[in-house]
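Q: Got a predicted structure here, sequence first:
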Amino acid sequence: MYELTDVTKEYRRGKATVTALDAVGLTVPSGSRLVIQGPTGGGKSTLLQLLGGLDRASRGSVVLDGTDLSRLSEAKLTRLRAERIGFVFQGFHLIPTLSAQENVETALVPLGLRAAERRRRAAEALDSVGLAERAQHLPSELSGGQQQRVAIARALAKHPQVLLADEPTGNLDEATRDEVMDVLERRWRELGLTFVMVTHDSALARRAERVARITAGRIEVSGPVGGQPPSEAVPPKGLSMT
Ligand SMILES: Nc1ncnc2c1ncn2[C@@H]1O[C@H](COP(=O)(O)OP(=O)(O)OP(=O)(O)O)[C@@H](O)[C@H]1O
């Protein structure tokens, strides 16, 4: 569970100070989904970076399961990110010279797992997003939707508690967008992840239980605080998508 209290983030731009987040308070219960929307420059990506420990708040606290991310040493923050937080971005950020399997394995290197265990987990993660048969393909041999599914497998192979996605369908056409969103939703429910996603897409936001709107650094949240996924909507495990 995330608990944010009075979180302010300021950036220096020359002599000017930009307030990207302004005294934000927010709770995201474990296992729930929150979609973040708002106008460009409102502070959405900044909030996601603070949730992911990629940056630190200027003031206030960002607490994940009792740990204040703004107070952790750099080494502990790096470790926490590697173990507990999966990221998916708009540009898939796959390494072009590595196969899908090798791309997923890279996320497991910081965990100190043996090579055989890395291979097993990466294969399992690719299978879970319907790409078992594409494991040996290079990113250039995969469609955009398949590349994003590799990126999702890479984010989830470490078995994180939290999945953070910044415009994960922003580079995809409508049909592919739904395919990728279906995979994200299914894995969120099956794994009981805490799932926070930034999107401009109102159709995707309508699927969410809670939506936060950030405008000029101020946040407004609509929907129930609990926001647990409805259990009857859980699709069958092992659903295959190729
Ligand atoms: N590294 C930085 N240095 C200086 N200013 C920054 C930096 N990152 C973000 N900002 C500023 O902080 C504000 C919030 O930016 P942020 O990227 O969080 O907005 P956003 O809602 O994600 O926008 P978009 O929808 O365009 O991605 C903007 O005014 C932006 O210019």
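A: Ah, there it is.
Q: from the chain's centre, how far out does stretch 205-219 sit?
A: Put simply, stretch 205-219 sits 15 Å off its chain's centre (C-alpha atoms, centre = their mean, to the nearest Å).
Q: The lengthiest helix in the chain - contacts with which helices or strands?
A: The longest helix of the chain (DSSP state H) is helix 174-191. If you count contacts as 3 or more C-beta pairs under 8 Å, 6 or more residues apart in numbering; DSSP states H and E, helix 174-191 packs onto helix 144-156, strand 162-166, strand 194-198. (Each C-beta comes from the backbone N, C-alpha and C, glycine too.)
Q: Enumerate the residues of this structure near the ligand.
A: Contacts of the chain with the ligand, taken as C-beta under 6 Å from any ligand atom, map to 11, 13, 18, 20, 38, 40, 41, 42, 43, 44, 45, 46.
Q: Just give me the neighbour total for the last one.
A: What that stands for is residue 46. 22 (other C-beta atoms under 10 Å).
Q: before we move on, which element is it in?
A: Element membership of residue 46, judged by DSSP states H and E, is helix 44-51.
Q: Run the angle between that helix and strand 194-198 for me.
A: Put simply, helix 44-51 runs at 150 degrees to strand 194-198, going by axes from the mean of the first three to the mean of the last three C-alpha atoms, to 10 degrees.
Q: Can you identify the element that follows helix 44-51 toward the C-terminus?
A: For helix 44-51, the succeeding helix or strand toward the C-terminus, using DSSP H and E, is strand 59-64.
Q: quick one: low-confidence ranges for the protein?
A: The model of the chain has pLDDT under 70 over residues 224-242.
Q: Break down it into its helices, ranges please.
A: Counting by DSSP H, the helices of the chain are 44-51, 74-84, 100-106, 115-128, 144-156, 174-191, 202-205.
Q: which strands and helices sit next to the fifth one?
A: Which is helix 144-156. Secondary-structure packing of helix 144-156 (3+ C-beta pairs under 8 Å, 6+ apart): strand 85-89, helix 100-106, helix 115-128, helix 174-191.
Q: Then the first one?
A: Other helices and strands packing on helix 44-51, by 3+ C-beta pairs under 8 Å, 6+ apart, are strand 2-13, strand 16-28, strand 33-37, strand 59-64, strand 162-166, strand 194-198.
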